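Undergrad: I'll drop the sequence and a predicted model, then ask my questions.
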Amino acid sequence: MNKTLQLSLTPEQAHKEDLLLTMIAEKLQISVDGIDSFRILKKSIDARTIHPKINMTVAVFLTDEEPDALYNKSFDYQQVGDKEPVLIVGAGPAGLFAALKLLELGLKPVILERGRPINQRVEDVNLLQKEKATINPESNFAYGEGGAGTFSDGKLLTRSKKKGNIQGVLETFHYHGAKDSILYDSNPHIGFDVLPTIIHNIRKTILSHGGEIHYEEKLSKILLEDNEVKGCETEKGNRYLSERLILATGQSAQDIYELLDEQGIALELKAFAMGVRVEHPQTLIDQIQYKTGTRNPYLPPAIYGLNERIYDRSVYSFCMCPGGEIIPAMTGTEEIVVNGMSSSKRDSAFANAGMVVEIQPEDIPAAFHRYGAFAGLKYRQHIEHAAFIANGGKGIQAPAQRMLDFVKRIQSTDLPAYSYQPGLVPTDFHKWLPDHIYKPLQEAFFRFNDKMKGFLTNEAVVVGVETRSSSPIRIPRDPYTAQHRDIKGLYPAGEGSGYSGGITSSAMDGEFVAEKVVEFFTNP
């Protein structure tokens with residue numbers, strides 16, 4: 001038999017198995033020898049006092065009852081080599097999870113990825129980081145197998161309210177190599193050092209069950225006949241035929257929006273967000289959040305999440321990376337875009353987070369509205385180029401300012417230690433960052449400091465710009481069939497579709513679209 005217990009533990013008790021077993025035995029009023037095994041079901045940190053507690057739910061097995069089944073879910077992937085093909089453009093979370101769902105449901109995924117396989121992509125981003133090489137426009141932190149999420153913190157939280165099986169996404173990652181903790185941690189994450197192995201394992205699953213993956217195959221045309229998909233063509237001149245195409249290209253693939261527009265496929269302007277990335281010493285965030293001078297060695301690096309309503313718009317933290325680093329996330333030349341990532345250990349000396357401001361269509365300057373659905377995208381490109389100009393055109397070095405100087409509009413004469421390997425250049429953000437982004441951030445930093453005393457400090461650095469937290473374009477689709485509003489057989493999915501953001505919500509969206517594709521084959 002098994003029992004489920006709720007425990008409140010010290011960090012050391014939660015970390016050390018012998019101490020945890022002792023606590024379980026005391027709770028059950030039995031000896032430790034009477035416990036066959038246990039599995040953690042939920043785990044969270046309560047840091048409201050100077051003595052943080054670990055809240056834990058555990059399943060305790062007093063006899064041998066196959067407890068591994070709690071963690072080791074199996075998946076019924078079918079052999080689909082001779083089944084109907086479904087084209088998937090893009091091998092990010094939406095594309096890969098769409099492919100896995102098709103395997104489960106009995107159709108053949110054929111993935112076309114513009115970038116390179118994960119091992120070669122790792123080489124490209126390392127070259128970009130460490131040697132400040134010219135950016136490879138098809139293999140970088142945004143493009144390539146695994147998508148932009150591969151080089152991130154690997155956080156698996158989502159604000160998405162959409163229906164979807166979040167636990168199923170976690171179980172899929174676990175099945176392909178993620179550690180047990182993503183199944184029970186309240187803030188699950190994987191880490192950029194582990195994600196490439198997981199992506200490689202997902203590739204093996206797809207290929208071993210009859211699916212296909214074709215790299216360095218950039219979409220150049222969707223083959224249409226009477227507003228129905230018949231296949232697609234790539235820049236290499238290769239044609240792939242299917243009456244169903246899942247478009248999972250990600251929001252950084254700006255040229256895909258242009259391709260759709262050229263083919264007369266409808267797009268829509270939508271709200272999005274832009275801002276900066278802020279980096280603190282991790283020790284400072286630990287002191288604020290754990291209310292102590294030195295973090296308990298059994299506690300993880302502290303995290304935070306901040307949100308305020310300012311000037312009738314949301315200002316919030318995004319993609320917070322404890323023990324992480326800031327990375328170059330641009331996909332072209334003469335633009336600066338930054339993002340954050342951290343390893344599974346989260347063991348760097350820095351903590352960073354995007355700080356972004358909600359941008360509604362009416363916030364976009366009038367000059368950009370002549371571009372119609374592209375107004376937000378063109379405005380975003382304008383801000384990214386302004387960041388490039390602000391760094392003096394110095395390659396991929398990013399403009400930066402001490403945080404307190406930022407709110408006081410003071411030019412920083414120097415910068416604190418930072419993680420951004422290509423280098424930072426001092427700037428004065430208020431001189432080039434638009435007021436409807438700068439002023440809400442300025443006020444937000446004061447308010448965030450009210451919530452986290454010590455947050456607003458010149459020990460922190462503001463780095464520009466964080467512009468790709470959400471897509472400025474939506475590819476309209478029917479909510480029931482998931483097909484494009486006007487094009488039969490075209491299924492927009494993931495961040496690039498404008499219907500999701502982040503790893504988990506994009507993965508769920510990919511699964512949702514794949515299920516709708518299968519419905520067509522079952523009930524055309």
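TA: Okay, I see it.

Undergrad: please parse the chain into its domains.
TA: Listed domain ranges for the chain are 2-70, 85-266+475-522, 269-466 (source: automatic domain parsing).

Undergrad: quick one: mean pLDDT over the first one.
TA: Throughout domain 2-70, pLDDT has a mean value of 90.

Undergrad: what of the last one?
TA: Domain 269-466 shows an average pLDDT of 96 in the prediction.

Undergrad: out of the domains of the chain, the one nearest D76 is which?
TA: Taking C-beta to C-beta, domain 85-266+475-522 is the member of the domains of the chain nearest to D76, at 6.1 Å. Bear in mind the C-beta positions are built from the backbone N, C-alpha and C, glycine included.

Undergrad: got a markdown table for the domains of the chain, with mean neighbour count too?
TA: What follows is the domains of the chain, written out as a markdown table (neighbours: other C-beta atoms under 10 Å):
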| stretch | mean neighbour count |
| --- | --- |
| domain 2-70 | 15 |
| domain 85-266+475-522 | 21 |
| domain 269-466 | 20 |
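
Undergrad: now those in CSV, with distance to D76?
TA: Listed next are the domains of the chain as CSV, based on distance: least, C-beta to C-beta, whole Å:
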stretch, distance to D76
domain 2-70, 15
domain 85-266+475-522, 6
domain 269-466, 29
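
Undergrad: quick check: which of these is nearest to Q78?
TA: Taking C-beta to C-beta, domain 85-266+475-522 is the member of the domains of the chain nearest to Q78, at 5.1 Å.

Undergrad: top helix in the protein by residue count?
TA: Longest helix of the chain, by residue count under DSSP state H: helix 503-522.

Undergrad: ok, now which ones touch T172?
TA: Each residue near T172 by C-beta atoms under 8 Å, 6 or more residues apart in numbering is listed here: 75, 97, 100, 507.

Undergrad: out of those residues, which comes closest to I265?
TA: Comparing the contacts of T172 against I265 with C-beta to C-beta places F97 closest, at 23.7 Å.

Undergrad: just the strands from the stretch 401-524 of the chain, written as ranges.
TA: Using DSSP state E, counting those that start in this stretch, the strands of the stretch 401-524 of the chain run over 424-426, 461-466, 473-474, 490-492.

Undergrad: need those strands in JSON lines with distance to N339, can you?
TA: Below are those laid out as JSON lines (distance: least, C-beta to C-beta, whole Å):
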{"stretch": "strand 424-426", "distance to N339": "15"}
{"stretch": "strand 461-466", "distance to N339": "7"}
{"stretch": "strand 473-474", "distance to N339": "19"}
{"stretch": "strand 490-492", "distance to N339": "23"}
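
Undergrad: to S342, which of these lies closest?
TA: Proximity to S342, assessed across these by C-beta to C-beta, is greatest for strand 461-466 (15.5 Å).

Undergrad: what pairs with that closest one, parallel or antiparallel?
TA: strand 272-281 (antiparallel), strand 398-402 (antiparallel) (DSSP bridges).

Undergrad: mind putting those strands in CSV, distance to N307 included?
TA: Compiled in CSV, the strands paired with strand 461-466 are given as follows (distance: least, C-beta to C-beta, whole Å):
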stretch, distance to N307
strand 272-281, 12
strand 398-402, 23
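
Undergrad: these: which one's closest to K516?
TA: Among those, the nearest to K516 by C-beta to C-beta is strand 272-281 (25.1 Å).

Undergrad: dump that closest one to PDB, restricted to CA.
TA: The C-alpha coordinates for strand 272-281 follow below in PDB (Å, rounded to 0.1, in the frame of the first residue of the first chain):
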ATOM      1  CA  PHE A 272       2.900  42.600 -28.000                       C
ATOM      2  CA  ALA A 273       5.600  43.700 -25.600                       C
ATOM      3  CA  MET A 274       9.000  45.400 -25.700                       C
ATOM      4  CA  GLY A 275      11.500  46.600 -23.100                       C
ATOM      5  CA  VAL A 276      14.900  45.700 -21.700                       C
ATOM      6  CA  ARG A 277      16.700  43.000 -19.700                       C
ATOM      7  CA  VAL A 278      17.900  43.800 -16.100                       C
ATOM      8  CA  GLU A 279      20.700  41.900 -14.500                       C
ATOM      9  CA  HIS A 280      21.600  41.900 -10.800                       C
ATOM     10  CA  PRO A 281      24.200  40.000  -8.800                       C
END
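
Undergrad: off-centre distance for it?
TA: Mean-position distance between strand 272-281 and its chain equals 15 Å (C-alpha atoms, centre = their mean, to the nearest Å).

Undergrad: just checking, what packs against the next helix or strand after it?
TA: Next along the chain after strand 272-281, taking DSSP states H and E as the criterion, comes helix 282-290. Helices and strands touching helix 282-290, by 3 or more C-beta pairs under 8 Å, 6 or more residues apart in numbering; DSSP states H and E, are strand 350-359.

Undergrad: can you rerun that using 10 Å?
TA: Applying 3 or more C-beta pairs under 10 Å, 6 or more residues apart in numbering; DSSP states H and E, we find helix 282-290 packed against strand 272-281, strand 350-359.

Undergrad: next, format those strands as JSON lines and append distance to E84.
TA: Putting the helices and strands packed on helix 282-290 into JSON lines (distance: least, C-beta to C-beta, whole Å) gives the following:
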{"stretch": "strand 272-281", "distance to E84": "36"}
{"stretch": "strand 350-359", "distance to E84": "41"}
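
Undergrad: closest one to I336 among the strands of the stretch 401-524 of the chain?
TA: Between I336 and the strands of the stretch 401-524 of the chain, the tightest spacing by C-beta to C-beta is seen for strand 461-466, at 6.4 Å.

Undergrad: M403: what's it in contact with?
TA: Listed by C-beta atoms under 10 Å, 6 or more residues apart in numbering, the contact set of M403 reads 276, 278-280, 355, 412, 416, 445, 449, 455-462.

Undergrad: how much space between it and F445?
TA: 7 Å (C-beta to C-beta, to the nearest Å).

Undergrad: and L433, by the same measure?
TA: From L433 over to F445 the distance is 13 Å, taken as C-beta to C-beta.

Undergrad: common neighbours of the two, please.
TA: Applying C-beta under 10 Å, 6+ apart, one finds that L433 and F445 are jointly contacted by 406, 462.

Undergrad: and of the strands of the stretch 401-524 of the chain, who's closest to R239?
TA: strand 490-492 (16.5 Å).

Undergrad: now do the contacts for the closest residue to I437 other than its chain neighbours.
TA: In space, and not counting its chain neighbours, I437 is closest to V357: 5.0 Å by C-beta to C-beta, 6 or more residues apart in numbering. Residues in contact with V357 (C-beta under 10 Å, 6+ apart) are 273-276, 310-311, 313-316, 363, 433-434, 436-441, 444, 466.

Undergrad: who does V357 form a beta bridge with?
TA: Beta bridges link V357 to M274, V315, judged by DSSP bridges.

Undergrad: kindly report the same for C321.
TA: Counting by DSSP bridges, C321 forms beta bridges with N352.

Undergrad: the residue nearest the centre of the chain and I190: what is the separation?
TA: The chain has G502 as the residue nearest its centroid, 3.6 Å off, counting by C-alpha atoms, centre = their mean. Per C-beta to C-beta, G502 is found 13 Å from I190.

Undergrad: cool, and A25?
TA: Plainly put, A25 is 32 Å away from I190 if you go by C-beta to C-beta.

Undergrad: which residues does I24 contact?
TA: I24 neighbours (C-beta under 10 Å, 6+ apart): 3, 5, 7, 30, 32, 35, 38, 56, 58, 60.

Undergrad: Y304 too?
TA: 280, 285, 288-289, 317, 320, 322, 351, 353, 448, 451-452, 455.

Undergrad: off-centre distance for the longest helix of the chain?
TA: Relative to the chain's own centre, helix 503-522 is displaced by 18 Å; criterion: C-alpha atoms, centre = their mean.

Undergrad: now swap in stretch 263-279 and tell me
TA: In terms of C-alpha atoms, centre = their mean, the centre of stretch 263-279 is found 15 Å from the chain centre.

Undergrad: first vs last residue of it, how far apart are they?
TA: Start and end residues of stretch 263-279 are separated by 42 Å (C-alpha to C-alpha, to the nearest Å).
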